[in-house]
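Enquirer: Quick one: sequence and predicted model below, then my questions.
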Amino acid sequence: MSIKTTNPLLTVSNVTQDFGTILACKNISFELFPGEVLGVVGESGSGKSTLLNCISGRLQPTVGAIEFETKIHGLKDIYKISEAERRMLMRTDWGFVHQNPKEGLRLDVSAGANLGERLMVLGSRHYAKIREAALDWLNKVEFDSDRIDDAPSTFSGGMQQRLQIARNLITEPRLVFMDEPTGGLDVSVQARLLDLIRGLVRDLSLSVIIVTHDLAVARLLTHKLMVMQKGVVVESGLTDQVLDDPQHPYSQLLVSSILQG
Amino acid sequence: MISDKAPRLKIRFLSKSFNLHHQNETVLDVLDDIHLDVRPGECVCLNGASGTGKSSLLRCIYGNYRASNGDINVHHLGKDINLVSAEPRQILEIRRQTLGYVTQFLRVIPRVPTIDVVAEPLLERGVPFNDARDQSADILQRLNIDEKLWPLAPATFSGGEQQRINIARSFIAAYPIMLLDEPTSALDASNRDEVMGLIQECLEKGSAMLGIFHDEEVRDRVSTRLFNMPIRG
């Protein structure tokens, strides 16, 4: 792997979102390259979730452009393509991991069906192949094969989260959005999930945008970091640098507030 | 041994200050106008009392600290790249291939087994899993880490064991430029000897090293020259 002069996978330009008089994000621009993991940190109400919704095709920003390097048609503004095209993009090239796995899973059908469904949406019809792929992904996210026919409602929170990740990755997306993926889990489960995500990102060369308020998670998972306060990016750069040598008063406050374990 | 080869690390006019916004806007000047070259086969020892900015200098070079002024040029895959103005992804690529940093403390994901912690820098470079694991086993053996510990996460290990794992993790990748921050501070005599051996082998292969060694025996044996930290003020 050398420094390639490849194009950015995602280019975000001057994104602004207001809800009436409330300005949720203001004038945000960045680029994300293949294989890069970007963290967005800030306290609740800083606008990080609104930003994630805008760039993941779920909320059209008031101003600004989000362009994605599509496999077939090159760079496309995701809000200037048809609704059907955008849905296809979100199902194939993108993934979205919710904080609450229940939002990203179907709890009443089996683990295998949760995974197979994604492939069937893309046109797979060969039952044995779908089941094989589902088993393969269950193993990648550290499930015993014999859980394939169990419904997610019988799983623990950590298992549900691993299943949600598998459901997102089985279609081999190039870009995955994650909203507090380890929030609400026990610390021991968190560590396991962090290691899993790190390995998958490395082995699949995934690009990831992860929103978190946990700076330890950001340090372990992300390559670069954006710090948001009141809808504005106050600082961005290499993750280590932002955390070890924060420049902006707000970043300094965030970093100095971490409890030493 | 004085090397006549082109420097791998070239520092010019480097200064660093911290502006502590929440502590009465205090400004701390830690480095001022540093000029330093490190060539292949050289191990330069940073010399100076505590508080003269030795560790800060290493952190600026690795990119953990943002230089306030000056240039830090690193020879990476045939050309010099200035780390002060490089993009995050360039800095990460340089860390993967060219620039290693042995800190005093190990910082890793809690549950990952020791053998994988050590193999990780090779996996990041795309080395196949089994090769990376084999090399990890070799270096752990060499640093006298009991094989029983390899499948365990290092969080509960002793300070000396953690330090050796940290060293294994850096030396497995044999970086062309290495930064060493007291690599032997928690080691007994025989392990210190092993680490000095690793450093010397890397130097013979042409690595350029810059380090902080408080231990006189280590300093005398591995360093090829001293760099006196300038007195500020």
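Expert: Nice, I can see it. Numbering: from 1, shown residues only, chains lettered A, B, ... in the order given.
Enquirer: With A:T212 as the reference, measure out to A:V97.
Expert: 12 Å (Cβ to Cβ, to the nearest Å). All C-beta spots, glycine's among them, are computed from the backbone N, C-alpha and C.
Enquirer: when you scan the host helix or strand of A:R162, is anything in it near chain B?
Expert: Of the helices and strands defined by DSSP states H and E, A:R162 is found in helix A:157-169. No: Helix A:157-169 is not in contact with chain B by Cβ under 8 Å from any Cβ of the partner chain; minimum separation 12.2 Å.
Enquirer: Could you point out the helix or strand that follows that helix?
Expert: strand A:175-179.
Enquirer: now the longest helix that chain B contains, how far from the centre of its chain.
Expert: The single longest helix within chain B, with elements called by DSSP state H, is helix B:189-204. Centroid separation for helix B:189-204 versus its chain: 14 Å, with Cα atoms, centre = their mean, to the nearest Å.
Enquirer: Give me the contact list for it.
Expert: With contact meaning Cβ atoms under 8 Å, 6 or more residues apart in numbering or on different chains, helix B:189-204 is reached by B:41-43, B:142-144, B:160, B:164, B:167, B:171, B:174, B:178, B:180, B:183-184, B:187, B:209, B:215, B:217-218, B:221-222, B:224.
Enquirer: at 6 Å what do you get?
Expert: Contact with helix B:189-204 is made by B:41, B:43, B:143, B:167, B:171, B:174, B:183-184, B:221-222, as judged by Cβ atoms under 6 Å, 6 or more residues apart in numbering or on different chains.
Enquirer: which two from these end up farthest apart in space?
Expert: Spatially, the most separated pair among those is B:G41 and B:L143, at 23.1 Å (Cβ to Cβ).
Enquirer: burial of residue 181, as a residue count?
Expert: Let's take chain A. Burial of A:P181 is recorded as 26 neighbouring residues (other Cβ atoms under 10 Å in any protein chain shown).
Enquirer: nope, chain B please
Expert: Neighbour tally, B:D181, other Cβ under 10 Å: 20.
Enquirer: surely it meets B:F213?
Expert: No: at 9.5 Å, B:D181 does not count as touching B:F213 under the criterion of Cβ atoms under 6 Å.
Enquirer: residue contacts, the residue lying closest to A:V232 once chain neighbours are set aside?
Expert: Nearest residue to A:V232, sequence neighbours excluded (Cβ to Cβ, 6 or more residues apart in numbering or on different chains): A:K26, at 5.2 Å. Going by Cβ under 6 Å, 6+ apart, A:K26 touches A:16, A:231-232.
Enquirer: what's the angle between the one helix or strand A:K26 maps to and strand A:175-179?
Expert: Secondary-structure element containing A:K26, defined by DSSP H and E: strand A:22-32. Angle of strand A:22-32 versus strand A:175-179, following axes from the mean of the first three to the mean of the last three Cα atoms, to 10 degrees, is 140 degrees.
Enquirer: Quick check: residues of chain B near chain A?
Expert: Chain B comes close to chain A at residues B:21-22, B:63-66, B:88-93, B:109-112, B:126, as judged by Cβ under 6 Å from any Cβ of the partner chain.
Enquirer: If we use 8 Å, what do you get?
Expert: So chain B meets chain A at B:18-22, B:59, B:62-66, B:77, B:88-93, B:96-97, B:109-112, B:123-126 (Cβ under 8 Å from any Cβ).
Enquirer: So which of the residues you listed belong to strands?
Expert: B:18-20 (DSSP state E).
Enquirer: Show the low-confidence segments of chain B, by residue range.
Expert: Across chain B, the ranges flagged by pLDDT under 70 are B:1-4, B:233.
Enquirer: Now do the strands in it.
Expert: B:9-20, B:26-38, B:43-47, B:69-76, B:79-82, B:99-102, B:177-181, B:208-212, B:225-228.
Enquirer: Export those as JSON lines, with columns for distance to B:S136.
Expert: Output for these, formatted as JSON lines (distance: least, Cβ to Cβ, whole Å):
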{"stretch": "strand B:9-20", "distance to B:S136": "27"}
{"stretch": "strand B:26-38", "distance to B:S136": "28"}
{"stretch": "strand B:43-47", "distance to B:S136": "25"}
{"stretch": "strand B:69-76", "distance to B:S136": "25"}
{"stretch": "strand B:79-82", "distance to B:S136": "29"}
{"stretch": "strand B:99-102", "distance to B:S136": "15"}
{"stretch": "strand B:177-181", "distance to B:S136": "18"}
{"stretch": "strand B:208-212", "distance to B:S136": "22"}
{"stretch": "strand B:225-228", "distance to B:S136": "33"}
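Enquirer: To A:F143, which of those strands lies closest?
Expert: strand B:99-102 (36.1 Å).
Enquirer: which strands and helices sit next to the closest one?
Expert: helix B:54-62, helix B:159-171, strand B:177-181 (3 or more Cβ pairs under 8 Å, 6 or more residues apart in numbering or on different chains; DSSP states H and E).
Enquirer: Residues contacting the longest one, please?
Expert: Read that as helix B:159-171. In contact with helix B:159-171 (Cβ under 8 Å, 6+ apart) are residues B:100-106, B:114, B:117-118, B:120-121, B:136, B:139-140, B:143-145, B:149, B:154, B:157, B:178, B:183-188, B:191, B:195, B:198, B:202.
Enquirer: Quick one, which of these are buried?
Expert: Buried by 16 or more other Cβ atoms under 10 Å in any protein chain shown: B:100-104, B:106, B:114, B:117-118, B:120-121, B:136, B:139-140, B:143, B:145, B:149, B:154, B:157, B:178, B:183-187, B:191, B:195, B:198, B:202, out of the contacts of helix B:159-171.
Enquirer: For the nearest residue to B:S56 once chain neighbours are set aside, list the residues it contacts.
Expert: With sequence-adjacent residues excluded and distances taken as Cβ to Cβ, 6+ apart, B:S56 is closest to B:V30, at 4.6 Å. By Cβ under 8 Å, 6+ apart, the residues touching B:V30 are B:16-18, B:53, B:56.
Enquirer: Kindly write the ChimeraX command that selects the buried subset of these.
Expert: A single ChimeraX command selects the buried members of the contacts of B:V30 (16+ other Cβ under 10 Å):
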select /B:16,18,53,56
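Enquirer: which one among the contacts of B:V30 gets closest to A:W137?
Expert: B:S56 (45.6 Å).
Enquirer: And the residues of chain B next to chain A, which of them are buried?
Expert: Buried, going by 16+ other Cβ under 10 Å: B:18, B:21, B:59, B:62-66, B:88-93, B:96-97, B:109, B:111-112, B:123-124, out of these.
Enquirer: could you say what helices and strands the helix holding A:R162 packs with?
Expert: Packed next to helix A:157-169, using 3+ Cβ pairs under 8 Å, 6+ apart, are strand A:94-97, helix A:101-104, helix A:111-121, helix A:127-140, helix A:187-204.
Enquirer: For the first one, buried residues please.
Expert: Within strand A:94-97, the residues that count as buried by 16+ other Cβ under 10 Å are A:94-97.
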